[in-house]
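>>> Please work out how this folds:
(chains A, B, C and D)
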There are 2 protein chains.
Amino acid sequence: MAITIKDVAKLSNVAPSTVSRVIANSPRISEKTKIKVRAAMDELGYHPNFIARSLANQSTRVIGLVLPNSTDVFFQNPFFPTVLRGLSDGANERQYALQISTGKTDEEIYEGVIQMVQGGRVDGVILLYSRIEDKVLNYLRDRKFPFVVIGKPFKDVELITYVDNDNYLASKEATNYLLSLGHKQIGFIGGDLNFVVTIERILGFEKALREAGIQSEDDYIIHSEFLREGGQEAIGKLINLKNPPTALVVADDLMALGVLNTLLEMNISVPEDISILSFNNVLFSELSQPPLTSVDINIFELGYQASKKLIQLLENPNEPVKRIIVPHQLVKRFSCSETK
Amino acid sequence: MAITIKDVAKLSNVAPSTVSRVIANSPRISEKTKIKVRAAMDELGYHPNFIARSLANQSTRVIGLVLPNSTDVFFQNPFFPTVLRGLSDGANERQYALQISTGKTDEEIYEGVIQMVQGGRVDGVILLYSRIEDKVLNYLRDRKFPFVVIGKPFKDVELITYVDNDNYLASKEATNYLLSLGHKQIGFIGGDLNFVVTIERILGFEKALREAGIQSEDDYIIHSEFLREGGQEAIGKLINLKNPPTALVVADDLMALGVLNTLLEMNISVPEDISILSFNNVLFSELSQPPLTSVDINIFELGYQASKKLIQLLENPNEPVKRIIVPHQLVKRFSCSETK
DNA sequence: TTGTACGCGTTATCAT
DNA sequence: ATGATAACGCGTACAA
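Numbers count the residues shown, from 1 in each chain, chains lettered A, B, ... in the order given. Sure, this is the predicted structure:
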């Protein structure tokens, strides 16, 4: 059995409650006894028991993280380690711990969240993704359990606190950049349409084309999980159109890598034959051949702001619902060039 | 306040202790009351409180994960999401939760672990890396706190339970493969020498050369964090040797990507001019140009076995110390070819 | 300024 | 087969 508050109390000749107050650094305790008690704590090597504290407090100082389906390719995205860094920094600053929950099926994930929440394991939850119809989100909202979403919620946008980029604008700007290079036939390769981010990016893309007076063609838009089979064929179709696009907006760096590879196998050069612009700017986007021009969405900051905001929500009972928009920035490398 | 065991007791006209027994599915409770009590639990939507249970049990059913320094490039390695999947699967199977701890400095990480352990937040710990001198490992060992290491411990190998590949053998085999292709001048590019895995791989490499009767040259061995500045120069030096290597063993796929890139900028073709073989076989090793020949180390399994083993350690007081070796396999793609 | 006593939600021991 | 009661370690209202 470990050292408890009682042991410290005995050694320093005070009541347990006094020790408790010293831990909380209550102003109602004299400096003298504080010193005395702290000496005893040091001598015994006392460490407060979080579990007991949680029970007494009705608060755990633990944040639950909900990751997407671990069997998704998406799960392997370097996005996660990076956002985790941000989350961790934000949490550590205020002495919160992080508990993660994921699963092989949506049902497993949902069950995991229920365990965390109903079991009282966590004070609040951060969703690391945003999907169109999300059982987990609905559950948390209905229960009025504190949570923050990374990404834009699909509905009830005004009722949910979230941290996101302006993906619509980012995609519009990215597309405009390609337009400014003279491209008129621009394709879009997106991921799973169940993720809100995909939708936002495609809308921004289409908006830019419309503003430029260009009719967007359905043939130019592809959705698929690129790192799986099928991605290559899709690209093949696109390239074999009578009027193939001269540039592609790709919704994610990892997908862009796949596209790059497929194009290379087809002997199509980037950016000479076709330009590629993608999103996220993860570590290896500069390690591809050619290095990718990519929209940096500041992944670390997404995580950092999310945990910071959730903690505010937890500690301030009437903290208002709020959205936090993290800035993005186009990083130009060598995968885009002017049309000939 | 949530529904407690007492509410259920009242509704079903039994004592709280009876409800507790029903939850534990004690054989000493009649089927009749079990049914009655379960009905009451359903009606009220009761969920057991993990915190209270932990306090009473002196056991949390939470596993602490210690990640490496989050500012390391290493942290961004797709290794982590993958190993996390395995850890998570193993933990979920036995209803354990996962808590993560990381930090920006070694000191921060160490403090985090102390919080987890002394604070009673976790029952056991898994180290997701293995370094030469590790404060955290020493701390856990000295305290006799249950833990498992992913990777081979640097010392006290017989006293520590760990899950690892046979990296020595893997590296030896990999090098032999290059030798079998006719290469005689083979270089090694490793990462941080503080990681035991780096050491094992370099030793296996050297052993293979020795067995082939080839003198290993110091000039052929490079250590650096490749994705940082400096990596390029190091490669440059290697290539500009009078007798440059015709093949390279690279300790990690991510590094290999960097190497590939540098070589391309120097107009050196892989595998025509130089062969490259790397380790880990993460998702994008097949997305590089050319796709990497890489040693698959079964990252998922490393994680899965680690959490499984730790749980055994926790639930079985005299579970023996053991090492678990996960098999590896050379995956041949297109970054290695015969010497001309 | 400090001590006493109770509660947080469970499990476990000891009765019955 | 079930109930009463005491822990588990800490926080806090109330008393002193």
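
>>> which residues in the stretch 101-250 of chain A form helices?
For the stretch 101-250 of chain A, the helices defined by DSSP state H, counting those that start in this stretch cover A:106-118, A:135-143, A:167-180, A:196-211, A:231-239.

>>> partner residues bridging residue A:127?
Applying DSSP bridges to residue A:127 gives these bridge partners: residue A:66, residue A:149.

>>> Where does residue A:52 fall, secondary structure wise?
helix A:50-57 (DSSP states H and E).

>>> sorry, back to before: out of the helices of the stretch 101-250 of chain A, which comes closest to DNA strand D?
DNA strand D lies closest, by C-beta to the nearest atom of the strand, to one member of the helices of the stretch 101-250 of chain A: helix A:106-118, at 19.5 Å. C-beta: built from backbone N, CA, C; applies to glycine.

>>> taking the mean pLDDT, what do you get for the closest one?
Helix A:106-118 shows a mean pLDDT of 95.

>>> That one close to DNA strand C?
No: remark: helix A:106-118 sits outside contact range of DNA strand C, by C-beta under 7 Å from any atom of the strand, the gap being at least 9.3 Å.

>>> what does stretch A:55-62 give?
Yes: counting by C-beta under 7 Å from any atom of the strand, DNA strand C is contacted by stretch A:55-62 at A:55, A:56, A:58.

>>> Need the distance between the two termini of that stretch.
13 Å (C-alpha to C-alpha, to the nearest Å).

>>> List the contacts of it.
Stretch A:55-62 is contacted by residues A:50, A:54, A:95-99, A:120-123, A:314, B:51-52, B:55, B:99, B:121 when judged by C-beta atoms under 8 Å, 6 or more residues apart in numbering or on different chains.

>>> before we move on, the earlier item: buried residues in the helix holding residue A:52, which are they?
For helix A:50-57, burial by neighbour count (16 or more other C-beta atoms under 10 Å in any protein chain shown) applies to A:50, A:51, A:52, A:53, A:54, A:55.

>>> Find the closest residue to DNA strand D in the stretch 101-250 of chain A.
DNA strand D sits closest to residue A:120 of the stretch 101-250 of chain A, with a gap of 13.0 Å, by C-beta to the nearest atom of the strand.

>>> since we're on that residue, how many residues are nearby?
Using other C-beta atoms under 10 Å in any protein chain shown, residue A:120 has 23 neighbouring residues.

>>> got it, and residue A:139?
Neighbour number of residue A:139 under other C-beta under 10 Å is 17.

>>> Confirm for me that it is in contact with residue A:112.
No: Residue A:139 lies out of contact with residue A:112 (C-beta atoms under 8 Å); the separation is 11.6 Å.

>>> Next, count neighbours for the residue in the stretch 51-200 of chain A positioned nearest to chain B.
Using C-beta to the nearest C-beta, the single residue of the stretch 51-200 of chain A nearest to chain B is residue A:118, 3.6 Å away. Using other C-beta under 10 Å, residue A:118 is surrounded by 19 other residues.

>>> mean pLDDT lowest for which of the helices of the stretch 101-250 of chain A?
Confidence, taken as mean pLDDT, is least for helix A:231-239 of those (a mean of 80).

>>> For chain B, tell me whether that helix is touching it.
No: with C-beta under 8 Å from any C-beta of the partner chain as the criterion, chain B is not reached by helix A:231-239; the gap is at least 10.8 Å.

>>> for that helix, the distance to its chain's centre please.
For helix A:231-239, the distance from its own C-alpha centre to the chain's C-alpha centre is 29 Å (C-alpha atoms, centre = their mean, to the nearest Å).

>>> And the contacts of it?
A:187, A:189, A:219-220, A:222, A:224-225, A:244-245, A:255, A:258-259, A:262-263, A:265-266, A:268, A:274.

>>> again, but for stretch A:5-24
By C-beta under 8 Å, 6+ apart, stretch A:5-24 touches A:28-29, A:33-34, A:36-41, A:43-44, A:46, A:48.

>>> Please spell out the ChimeraX selection for the buried subset of those.
The ChimeraX selection below is limited to those of these classed as buried (16+ other C-beta under 10 Å):
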select /A:29,33,36,37,38,40,41,44,46,48
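
>>> need the residues of the stretch 201-340 of chain A near DNA strand D, please.
Counting by C-beta under 7 Å from any atom of the strand, no residue of the stretch 201-340 of chain A is near DNA strand D.

>>> Tell me who's in contact with the residue of the stretch 151-300 of chain A found nearest DNA strand C.
Closest to DNA strand C within the stretch 151-300 of chain A is residue A:161: 26.0 Å, counting by C-beta to the nearest atom of the strand. Applying C-beta under 8 Å, 6+ apart to residue A:161 gives the contacts A:147, A:148, A:149, A:309, A:310, A:313, A:321, A:322, A:323.

>>> how far away is it from residue B:83?
Separation of residue A:161 from residue B:83 (C-beta to C-beta, to the nearest Å) stands at 31 Å.

>>> Ok, residue A:258 next?
For residue A:258, the distance to residue B:83 - C-beta to C-beta - is 23 Å.

>>> what's the answer for residue A:89, then?
From residue A:89 to residue B:83 the distance is 21 Å (C-beta to C-beta).

>>> swap in residue A:25?
Residue A:25 is 40 Å from residue B:83, by C-beta to C-beta.

>>> and these two? which has more neighbours close in?
Neighbour totals were compared for residue A:25 and residue B:83, and residue B:83 leads with 26 against 8 (other C-beta under 10 Å).

>>> if I pick that one, what's in contact with it?
B:128, B:150, B:299, B:300, B:302, B:303, B:306.

>>> Who are the packing partners of the helix or strand harbouring the fifth one?
Okay, so that is residue B:302. Applying DSSP H and E as the criterion places residue B:302 in helix B:299-315. Helices and strands touching helix B:299-315, by 3 or more C-beta pairs under 8 Å, 6 or more residues apart in numbering or on different chains; DSSP states H and E, are strand B:62-66, helix B:79-93, strand B:124-127, strand B:147-150, strand B:162-165, strand B:323-326.

>>> ok so, going back, show me what contacts the nearest residue to the residue of the stretch 51-200 of chain A closest to chain B once chain neighbours are set aside?
The shortest distance from residue A:118 to any non-neighbouring residue, by C-beta to C-beta, 6 or more residues apart in numbering or on different chains, is to residue B:47 (3.6 Å). Listed by C-beta under 8 Å, 6+ apart, the contact set of residue B:47 reads A:114, A:118, A:119, B:2, B:3.

>>> Am I right that residue B:47 is in a strand?
No: assessed with DSSP: H, G, I helix; E, B strand; the rest coil, residue B:47 is coil; it does not lie in a strand.

>>> Show the backbone phi and psi for it.
phi -130, psi 130 (degrees, to the nearest 10).

>>> and the closest residue to residue A:36 other than its chain neighbours, how many neighbours?
Among residues not flanking residue A:36 along the chain, residue A:12 sits closest, at 5.1 Å (C-beta to C-beta, 6+ apart). Applying other C-beta under 10 Å, we find 21 other residues in the vicinity of residue A:12.

>>> before we move on, the earlier item: buried sites along the helix holding residue B:302?
Within helix B:299-315, the residues that qualify as buried are B:299-314, counting by 16+ other C-beta under 10 Å.

>>> quick check, nearest of the residues you listed to DNA strand C?
residue B:314 (14.6 Å).

>>> Using PDB, write out every CA atom in the lowest-mean-pLDDT helix or strand in chain A.
Least confident helix or strand, chain A: helix A:231-239 with a mean of 80, by mean pLDDT, DSSP states H and E. Extracted in PDB, the C-alpha atoms of helix A:231-239 (Å, rounded to 0.1, in the frame of the first residue of the first chain):
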ATOM      1  CA  GLY A 231      -7.400   4.100 -57.000                       C
ATOM      2  CA  GLN A 232      -5.200   3.400 -59.900                       C
ATOM      3  CA  GLU A 233      -8.000   2.600 -62.300                       C
ATOM      4  CA  ALA A 234      -9.800   5.800 -61.300                       C
ATOM      5  CA  ILE A 235      -6.700   7.800 -62.200                       C
ATOM      6  CA  GLY A 236      -6.400   5.900 -65.400                       C
ATOM      7  CA  LYS A 237      -9.900   6.900 -66.400                       C
ATOM      8  CA  LEU A 238      -9.300  10.500 -65.600                       C
ATOM      9  CA  ILE A 239      -6.100  10.600 -67.700                       C
END
